[in-house]
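Visitor: All I have is the shape, not the residue letters:
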(Lines give C-alpha, C1' and ligand atoms only; values in the text may rest on other atoms or scores of the structure.)
Protein backbone atom coordinates (compact mmCIF):
# COMPACT_ATOMS: atom_id res chain seq x y z
CA UNK A 1 0.00 0.00 0.00
CA UNK A 2 2.85 2.39 0.84
CA UNK A 3 4.54 1.69 -2.51
CA UNK A 4 1.33 2.45 -4.38
CA UNK A 5 0.87 5.72 -2.48
CA UNK A 6 4.48 6.77 -3.11
CA UNK A 7 4.14 6.06 -6.84
CA UNK A 8 0.92 8.07 -6.91
CA UNK A 9 2.59 11.05 -5.21
CA UNK A 10 5.56 10.79 -7.61
CA UNK A 11 3.26 10.91 -10.62
CA UNK A 12 1.46 13.93 -9.20
CA UNK A 13 4.78 15.66 -8.56
CA UNK A 14 6.00 15.11 -12.14
CA UNK A 15 2.70 16.31 -13.58
CA UNK A 16 2.77 19.38 -11.34
CA UNK A 17 6.31 20.26 -12.48
CA UNK A 18 5.29 20.04 -16.14
CA UNK A 19 2.21 22.12 -15.37
CA UNK A 20 4.39 24.77 -13.76
CA UNK A 21 6.68 24.89 -16.78
CA UNK A 22 3.66 25.24 -19.06
CA UNK A 23 2.31 28.14 -17.00
CA UNK A 24 5.70 29.83 -17.04
CA UNK A 25 5.94 29.57 -20.83
CA UNK A 26 2.34 30.70 -21.21
CA UNK A 27 2.51 33.82 -19.06
CA UNK A 28 6.12 34.83 -19.66
CA UNK A 29 5.63 35.65 -23.36
CA UNK A 30 8.26 35.82 -26.08
CA UNK A 31 10.09 38.77 -24.49
CA UNK A 32 11.39 36.54 -21.74
CA UNK A 33 13.48 34.58 -24.20
CA UNK A 34 15.29 37.69 -25.38
CA UNK A 35 17.38 37.79 -22.21
CA UNK A 36 18.73 34.29 -22.76
CA UNK A 37 21.48 34.00 -25.33
CA UNK A 38 22.71 30.83 -26.95
CA UNK A 39 26.44 30.47 -26.41
CA UNK A 40 28.30 29.26 -29.51
CA UNK A 41 30.47 26.19 -29.15
CA UNK A 42 33.63 27.92 -30.29
CA UNK A 43 34.99 31.35 -31.28
CA UNK A 44 33.36 33.40 -28.50
CA UNK A 45 33.94 37.07 -29.02
CA UNK A 46 35.49 38.64 -25.95
CA UNK A 47 33.59 41.88 -26.45
CA UNK A 48 30.24 40.08 -26.62
CA UNK A 49 31.07 38.10 -23.50
CA UNK A 50 32.01 41.30 -21.69
CA UNK A 51 28.81 43.03 -22.88
CA UNK A 52 26.74 40.09 -21.74
CA UNK A 53 28.34 40.18 -18.31
CA UNK A 54 27.75 43.91 -18.00
CA UNK A 55 24.11 43.45 -19.03
CA UNK A 56 23.59 40.77 -16.39
CA UNK A 57 25.21 42.97 -13.74
CA UNK A 58 23.02 45.89 -14.76
CA UNK A 59 19.89 43.75 -14.55
CA UNK A 60 20.94 42.53 -11.10
CA UNK A 61 21.50 46.11 -9.93
CA UNK A 62 18.09 47.16 -11.29
CA UNK A 63 16.39 44.25 -9.54
CA UNK A 64 18.18 45.17 -6.28
CA UNK A 65 17.00 48.78 -6.61
CA UNK A 66 13.44 47.61 -7.28
CA UNK A 67 13.57 45.35 -4.22
CA UNK A 68 14.62 48.27 -2.04
CA UNK A 69 11.79 50.38 -3.46
CA UNK A 70 9.39 47.52 -2.84
CA UNK A 71 10.48 47.17 0.79
CA UNK A 72 10.15 50.92 1.32
CA UNK A 73 6.68 50.97 -0.26
CA UNK A 74 5.57 48.10 1.95
CA UNK A 75 6.61 50.04 5.05
CA UNK A 76 4.73 53.11 3.87
CA UNK A 77 1.73 50.95 3.01
CA UNK A 78 1.59 49.56 6.54
CA UNK A 79 1.78 53.05 8.04
CA UNK A 80 -0.92 54.33 5.67
CA UNK A 81 -3.14 51.37 6.53
CA UNK A 82 -2.85 52.15 10.23
CA UNK A 83 -3.54 55.86 9.72
CA UNK A 84 -6.60 55.10 7.56
CA UNK A 85 -5.67 57.25 4.51
CA UNK A 86 -7.63 55.38 1.87
CA UNK A 87 -6.56 57.36 -1.23
CA UNK A 88 -2.89 57.18 -0.41
CA UNK A 89 -3.24 53.50 0.43
CA UNK A 90 -4.70 52.76 -3.02
CA UNK A 91 -1.98 54.82 -4.71
CA UNK A 92 0.80 53.00 -2.88
CA UNK A 93 -0.81 49.64 -3.65
CA UNK A 94 -0.82 50.47 -7.35
CA UNK A 95 2.81 51.56 -7.24
CA UNK A 96 3.75 48.34 -5.46
CA UNK A 97 2.04 46.29 -8.17
CA UNK A 98 3.95 48.21 -10.87
CA UNK A 99 7.27 47.50 -9.14
CA UNK A 100 6.43 43.77 -8.94
CA UNK A 101 5.68 43.74 -12.67
CA UNK A 102 9.00 45.49 -13.41
CA UNK A 103 10.87 42.96 -11.27
CA UNK A 104 9.18 40.05 -13.06
CA UNK A 105 10.06 41.59 -16.46
CA UNK A 106 13.74 41.87 -15.51
CA UNK A 107 14.03 38.23 -14.54
CA UNK A 108 14.95 35.61 -17.14
CA UNK A 109 12.79 32.69 -18.18
CA UNK A 110 15.22 30.25 -16.54
CA UNK A 111 14.97 32.08 -13.23
CA UNK A 112 11.18 32.08 -13.36
CA UNK A 113 11.13 28.40 -14.30
CA UNK A 114 13.40 27.37 -11.43
CA UNK A 115 11.37 29.40 -8.94
CA UNK A 116 8.07 27.98 -10.25
CA UNK A 117 9.36 24.41 -10.01
CA UNK A 118 10.56 25.09 -6.46
CA UNK A 119 7.11 26.46 -5.51
CA UNK A 120 5.32 23.44 -6.98
CA UNK A 121 7.75 21.03 -5.32
CA UNK A 122 7.24 22.78 -1.98
CA UNK A 123 3.47 22.54 -2.47
CA UNK A 124 3.67 18.80 -3.13
CA UNK A 125 5.75 18.35 -0.01
CA UNK A 126 3.09 20.22 1.97
CA UNK A 127 0.38 17.96 0.48
CA UNK A 128 2.31 14.84 1.46
CA UNK A 129 3.08 16.14 4.96
CA UNK A 130 -0.57 17.08 5.48
CA UNK A 131 -1.80 13.64 4.48
CA UNK A 132 0.88 11.80 6.47
CA UNK A 133 0.31 14.02 9.49
CA UNK A 134 -3.44 13.39 9.54
CA UNK A 135 -2.89 9.67 9.02
CA UNK A 136 -0.36 9.53 11.85
CA UNK A 137 -2.70 11.45 14.14
CA UNK A 138 -5.56 9.02 13.40
CA UNK A 139 -3.24 6.09 14.09
CA UNK A 140 -2.25 7.57 17.46
CA UNK A 141 -5.83 8.10 18.66
CA UNK A 142 -7.05 4.71 17.36
CA UNK A 143 -7.50 2.13 20.12
CA UNK A 144 -6.54 -1.33 18.88
CA UNK A 145 -7.98 -3.63 21.56
CA UNK A 146 -11.51 -2.27 21.80
CA UNK A 147 -14.72 -3.62 20.29
CA UNK A 148 -16.01 -0.14 19.50
CA UNK A 149 -14.23 3.22 19.77
CA UNK A 150 -15.77 5.84 22.03
CA UNK A 151 -17.84 8.77 20.76
CA UNK A 152 -15.07 11.35 21.26
CA UNK A 153 -12.55 9.35 19.21
CA UNK A 154 -14.99 8.96 16.32
CA UNK A 155 -15.80 12.68 16.44
CA UNK A 156 -12.10 13.63 16.37
CA UNK A 157 -11.46 11.27 13.44
CA UNK A 158 -14.31 12.87 11.53
CA UNK A 159 -12.93 16.37 12.13
CA UNK A 160 -9.44 15.23 11.10
CA UNK A 161 -10.86 14.15 7.72
CA UNK A 162 -12.40 17.61 7.38
CA UNK A 163 -9.09 19.26 8.29
CA UNK A 164 -7.33 17.21 5.61
CA UNK A 165 -9.93 18.27 3.02
CA UNK A 166 -9.79 21.99 3.88
CA UNK A 167 -5.98 21.92 4.22
CA UNK A 168 -5.67 20.54 0.69
CA UNK A 169 -7.65 23.47 -0.71
CA UNK A 170 -5.58 25.97 1.30
CA UNK A 171 -2.27 24.53 0.06
CA UNK A 172 -3.53 24.47 -3.53
CA UNK A 173 -4.64 28.11 -3.31
CA UNK A 174 -1.30 29.11 -1.80
CA UNK A 175 0.62 27.43 -4.64
CA UNK A 176 -1.48 29.20 -7.29
CA UNK A 177 -1.00 32.56 -5.53
CA UNK A 178 2.80 32.15 -5.32
CA UNK A 179 3.05 31.04 -8.96
CA UNK A 180 1.10 34.09 -10.16
CA UNK A 181 3.23 36.41 -8.01
CA UNK A 182 6.37 34.78 -9.40
CA UNK A 183 5.19 35.46 -12.95
CA UNK A 184 4.42 39.09 -12.13
CA UNK A 185 0.67 38.71 -12.39
CA UNK A 186 -1.25 40.82 -9.89
CA UNK A 187 -3.68 38.74 -7.85
CA UNK A 188 -5.96 41.60 -6.76
CA UNK A 189 -7.57 42.18 -10.19
CA UNK A 190 -8.02 38.45 -10.59
CA UNK A 191 -9.80 38.26 -7.23
CA UNK A 192 -12.04 41.15 -8.24
CA UNK A 193 -12.86 39.39 -11.50
CA UNK A 194 -13.53 36.18 -9.62
CA UNK A 195 -15.98 38.07 -7.42
CA UNK A 196 -17.89 39.30 -10.47
CA UNK A 197 -17.92 35.82 -12.00
CA UNK A 198 -19.06 34.38 -8.67
CA UNK A 199 -21.91 36.87 -8.58
CA UNK A 200 -22.88 35.97 -12.15
CA UNK A 201 -22.93 32.27 -11.32
CA UNK A 202 -24.47 32.81 -7.89
CA UNK A 203 -27.83 31.37 -8.82
CA UNK A 204 -26.22 28.37 -10.47
CA UNK A 205 -24.04 27.74 -7.40
CA UNK A 206 -26.86 27.80 -4.88
CA UNK A 207 -26.80 24.01 -4.65
CA UNK A 208 -23.10 24.08 -3.79
CA UNK A 209 -23.73 26.68 -1.06
CA UNK A 210 -26.55 24.53 0.29
CA UNK A 211 -24.25 21.49 0.39
CA UNK A 212 -21.58 23.42 2.30
CA UNK A 213 -23.98 24.91 4.86
CA UNK A 214 -25.74 21.60 5.51
CA UNK A 215 -22.39 19.80 5.77
CA UNK A 216 -21.20 22.35 8.31
CA UNK A 217 -24.22 21.74 10.56
CA UNK A 218 -23.86 17.96 10.20
CA UNK A 219 -20.29 18.18 11.50
CA UNK A 220 -21.02 20.72 14.24
CA UNK A 221 -24.02 18.80 15.60
CA UNK A 222 -22.31 15.40 15.20
CA UNK A 223 -25.32 13.83 13.47
CA UNK A 224 -23.09 10.99 12.28
CA UNK A 225 -19.37 10.27 12.23
CA UNK A 226 -16.79 8.15 10.46
CA UNK A 227 -17.54 4.40 10.97
CA UNK A 228 -21.23 4.97 11.73
CA UNK A 229 -23.87 2.93 9.90
CA UNK A 230 -26.56 5.26 8.59
CA UNK A 231 -29.50 5.34 6.20
CA UNK A 232 -29.89 8.51 4.14
CA UNK A 233 -33.09 8.45 2.13
CA UNK A 234 -33.20 5.13 0.28
CA UNK A 235 -29.45 4.53 0.64
CA UNK A 236 -27.62 3.02 3.58
CA UNK A 237 -24.10 1.94 4.49
CA UNK A 238 -20.97 2.57 6.52
CA UNK A 239 -19.79 6.19 6.60
CA UNK A 240 -16.30 6.22 5.07
CA UNK A 241 -15.77 9.95 4.63
CA UNK A 242 -17.45 13.28 5.39
CA UNK A 243 -16.56 16.75 4.26
CA UNK A 244 -18.48 19.99 3.86
CA UNK A 245 -19.83 19.02 0.43
CA UNK A 246 -20.49 15.27 0.34
CA UNK A 247 -20.93 12.17 2.49
CA UNK A 248 -19.42 8.89 1.25
CA UNK A 249 -21.08 5.57 2.18
CA UNK A 250 -20.13 1.96 1.42
CA UNK A 251 -22.86 -0.68 1.44
CA UNK A 252 -22.62 -4.44 2.11
CA UNK A 253 -21.93 -5.15 -1.57
CA UNK A 254 -18.89 -2.89 -1.44
CA UNK A 255 -20.47 -0.15 -3.56
CA UNK A 256 -19.53 3.47 -2.90
CA UNK A 257 -22.52 5.81 -2.49
CA UNK A 258 -21.84 9.56 -2.67
CA UNK A 259 -24.58 11.78 -1.24
CA UNK A 260 -24.45 15.61 -1.56
CA UNK A 261 -25.01 17.08 1.90
CA UNK A 262 -27.63 19.49 0.55
CA UNK A 263 -29.83 16.52 -0.44
CA UNK A 264 -29.87 15.09 3.10
CA UNK A 265 -33.25 15.66 4.74
CA UNK A 266 -33.49 12.76 7.20
CA UNK A 267 -30.75 10.54 8.62
CA UNK A 268 -31.21 7.24 10.46
CA UNK A 269 -28.13 6.50 12.58
CA UNK A 270 -28.00 2.86 13.68
CA UNK A 271 -24.78 3.10 15.71
CA UNK A 272 -24.79 6.17 17.95
CA UNK A 273 -24.07 5.55 21.68
CA UNK A 274 -25.75 2.09 21.74
CA UNK A 275 -27.92 -0.23 19.63
CA UNK A 276 -30.81 -2.67 20.11
CA UNK A 277 -30.86 -6.19 18.69
CA UNK A 278 -34.60 -6.48 17.95
CA UNK A 279 -35.91 -9.91 16.93
CA UNK A 280 -39.30 -11.35 15.91
CA UNK A 281 -39.55 -15.12 16.30
CA UNK A 282 -42.52 -17.09 14.94
CA UNK A 283 -43.70 -20.40 16.47
CA UNK A 284 -46.58 -22.69 15.59
CA UNK A 285 -50.02 -22.06 17.06
CA UNK A 286 -49.91 -25.41 18.84
CA UNK A 287 -46.89 -24.39 20.96
CA UNK A 288 -47.16 -23.04 24.53
CA UNK A 289 -46.00 -19.41 24.19
CA UNK A 290 -45.03 -19.15 27.88
CA UNK A 291 -42.71 -22.13 27.49
CA UNK A 292 -41.27 -20.66 24.29
CA UNK A 293 -40.56 -17.31 26.00
CA UNK A 294 -38.78 -19.13 28.84
CA UNK A 295 -36.58 -20.93 26.31
CA UNK A 296 -35.75 -17.62 24.62
CA UNK A 297 -34.76 -16.08 27.96
CA UNK A 298 -32.50 -19.06 28.72
CA UNK A 299 -30.69 -18.63 25.41
CA UNK A 300 -30.29 -14.92 26.22
CA UNK A 301 -28.73 -15.73 29.60
CA UNK A 302 -26.31 -18.16 27.93
CA UNK A 303 -25.18 -15.48 25.51
CA UNK A 304 -24.71 -13.01 28.37
CA UNK A 305 -22.40 -15.54 30.00
CA UNK A 306 -20.44 -16.16 26.80
CA UNK A 307 -16.81 -14.99 26.87
CA UNK A 308 -17.06 -13.11 23.56
CA UNK A 309 -20.72 -12.20 23.12
CA UNK A 310 -21.03 -11.17 26.75
CA UNK A 311 -18.80 -8.18 25.93
CA UNK A 312 -21.09 -7.13 23.09
CA UNK A 313 -24.35 -7.28 25.06
CA UNK A 314 -24.93 -4.38 27.48
CA UNK A 315 -28.08 -5.59 29.28
CA UNK A 316 -30.39 -8.53 29.96
CA UNK A 317 -32.84 -9.73 27.36
CA UNK A 318 -36.04 -7.68 27.39
CA UNK A 319 -39.08 -9.80 26.54
CA UNK A 320 -41.76 -7.69 24.87
CA UNK A 321 -44.25 -10.58 24.55
CA UNK A 322 -46.62 -11.83 21.86
CA UNK A 323 -46.58 -9.20 19.12
CA UNK A 324 -48.81 -10.60 16.39
CA UNK A 325 -50.95 -13.51 15.20
CA UNK A 326 -49.70 -14.14 11.69
CA UNK A 327 -51.19 -16.50 9.07
CA UNK A 328 -49.10 -19.47 10.14
CA UNK A 329 -47.32 -18.40 13.33
CA UNK A 330 -47.50 -16.60 16.65
CA UNK A 331 -44.92 -13.79 16.62
CA UNK A 332 -42.90 -13.21 19.82
CA UNK A 333 -40.89 -9.98 20.03
CA UNK A 334 -37.84 -9.29 22.26
CA UNK A 335 -34.64 -7.24 22.22
CA UNK A 336 -31.17 -6.89 23.74
CA UNK A 337 -29.09 -3.74 24.23
CA UNK A 338 -25.69 -4.01 22.51
CA UNK A 339 -22.62 -2.02 21.62
CA UNK A 340 -23.04 0.19 18.52
CA UNK A 341 -22.66 -1.63 15.18
CA UNK A 342 -22.61 -5.02 17.00
CA UNK A 343 -26.38 -5.62 16.99
CA UNK A 344 -26.37 -7.56 13.72
CA UNK A 345 -23.63 -9.91 14.93
CA UNK A 346 -25.58 -10.59 18.14
CA UNK A 347 -28.82 -11.19 16.20
CA UNK A 348 -27.20 -13.71 13.85
CA UNK A 349 -25.67 -15.69 16.71
CA UNK A 350 -28.92 -15.61 18.72
CA UNK A 351 -30.93 -16.99 15.79
CA UNK A 352 -28.40 -19.81 15.33
CA UNK A 353 -28.54 -20.85 18.98
CA UNK A 354 -32.33 -20.53 19.19
CA UNK A 355 -32.87 -22.68 16.09
CA UNK A 356 -30.70 -25.46 17.56
CA UNK A 357 -32.52 -25.24 20.92
CA UNK A 358 -35.95 -25.39 19.25
CA UNK A 359 -34.83 -28.50 17.34
CA UNK A 360 -33.70 -30.14 20.60
CA UNK A 361 -37.01 -29.40 22.35
CA UNK A 362 -39.22 -30.17 19.37
CA UNK A 363 -40.64 -26.62 19.16
CA UNK A 364 -41.97 -26.05 15.66
CA UNK A 365 -40.98 -23.04 13.63
CA UNK A 366 -43.78 -22.98 11.05
CA UNK A 367 -43.46 -22.35 7.37
CA UNK A 368 -46.27 -20.96 5.18
CA UNK A 369 -48.77 -23.67 4.11
CA UNK A 370 -52.38 -23.89 2.90
CA UNK A 371 -55.22 -26.29 3.82
CA UNK A 372 -57.46 -27.20 0.88
CA UNK A 373 -61.19 -27.65 1.72
CA UNK A 374 -63.02 -30.00 -0.68
CA UNK A 375 -66.47 -29.56 0.84
CA UNK A 376 -68.95 -32.21 2.31
CA UNK A 377 -70.15 -35.45 0.63
CA UNK A 378 -73.36 -33.77 -0.48
CA UNK A 379 -71.37 -30.99 -2.14
CA UNK A 380 -69.26 -33.54 -4.02
CA UNK A 381 -72.22 -35.44 -5.65
CA UNK A 382 -72.48 -33.16 -8.71
CA UNK A 383 -69.46 -34.66 -10.54
CA UNK A 384 -71.00 -38.12 -10.19
CA UNK A 385 -74.41 -36.97 -11.48
CA UNK A 386 -72.78 -35.19 -14.42
CA UNK A 387 -70.82 -38.32 -15.32
CA UNK A 388 -73.94 -40.49 -15.23
CA UNK A 389 -75.85 -38.12 -17.49
CA UNK A 390 -72.98 -38.06 -19.97
CA UNK A 391 -72.78 -41.86 -20.07
CA UNK A 392 -76.54 -42.28 -20.52
CA UNK A 393 -76.63 -39.71 -23.32
CA UNK A 394 -73.74 -41.37 -25.10
CA UNK A 395 -75.41 -44.79 -24.87
CA UNK A 396 -78.55 -43.50 -26.57
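Guide: Now that the structure is in, tell me what you want to look at. In this text the structure is predicted, and so the values were computed from the model without any measurement. Residues are numbered from 1 along each chain as shown.

Visitor: show me where the chain has strands.
Guide: Applying DSSP state E to the chain gives strands spanning 229-232, 235-242, 246-250, 256-260, 267-269, 275-283, 318-325, 330-338.

Visitor: can you redo those strands as CSV with mean neighbour count and distance to residue 290?
Guide: In this view, the C-beta of every residue, glycine as well, is placed from N, C-alpha and C. Below are these laid out as CSV (neighbours: other CB atoms under 10 Å; distance: least, CB to CB, whole Å):
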stretch, mean neighbour count, distance to residue 290
strand 229-232, 20, 36
strand 235-242, 18, 37
strand 246-250, 19, 43
strand 256-260, 14, 45
strand 267-269, 15, 35
strand 275-283, 19, 11
strand 318-325, 12, 10
strand 330-338, 19, 10
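
Visitor: show me where pLDDT drops low in this structure?
Guide: 1-111, 145-147, 184, 186-205, 369-384, 393-396 (pLDDT under 70).

Visitor: now do 50
Guide: Scanning the chain for pLDDT under 50 picks out the ranges 1-6, 27-44, 395-396.

Visitor: that older thread, residue 385 is nearest to which of the strands of the chain?
Guide: Proximity to residue 385 (CB to CB) singles out strand 318-325 among the strands of the chain, at 41.5 Å.

Visitor: The closest one pairs with which strands?
Guide: Looking at strand 318-325 with DSSP bridges, its partner strands are strand 330-338 (antiparallel).

Visitor: Pull the contacting residues for residue 272.
Guide: Neighbour list for residue 272: 151, 224, 228, 340 [criterion: CB atoms under 8 Å, 6 or more residues apart in numbering].

Visitor: and of the residues you listed, the nearest to residue 170?
Guide: For those, the nearest to residue 170 is residue 224 (25.5 Å; CB to CB).

Visitor: and that closest one, how many neighbours does it have?
Guide: 25 (other CB atoms under 10 Å).

Visitor: cool, residue 342 as well?
Guide: For residue 342, using other CB under 10 Å, the count is 20.

Visitor: Leaving out sequence neighbours, find the closest residue to it.
Guide: residue 312 (4.5 Å; CB to CB, 6 or more residues apart in numbering).

Visitor: and the one you found, what does it touch?
Guide: 147, 338, 339, 342, 345, 346.

Visitor: Inside helices: which ones of those?
Guide: Within the contacts of residue 312, residues falling in helices by DSSP state H are 345, 346.

Visitor: which residues does residue 296 contact?
Guide: Counting by CB under 8 Å, 6+ apart, residue 296 has contacts 281, 317, 319, 332, 334, 354.

Visitor: how about a cut-off of 10 Å?
Guide: Listed by CB atoms under 10 Å, 6 or more residues apart in numbering, the contact partners of residue 296 are 279, 281, 283, 317, 319, 332, 334, 350, 354, 357, 358.

Visitor: quick one: contacts for the first one?
Guide: By CB under 10 Å, 6+ apart, the contact list for residue 279 reads 296, 317, 320, 332-336, 346-347, 350-351, 354.

Visitor: can I assume residue 353 is in contact with residue 302?
Guide: Yes: here residue 353 lies in contact with residue 302, judged by CB atoms under 10 Å, at a distance of 7.1 Å.
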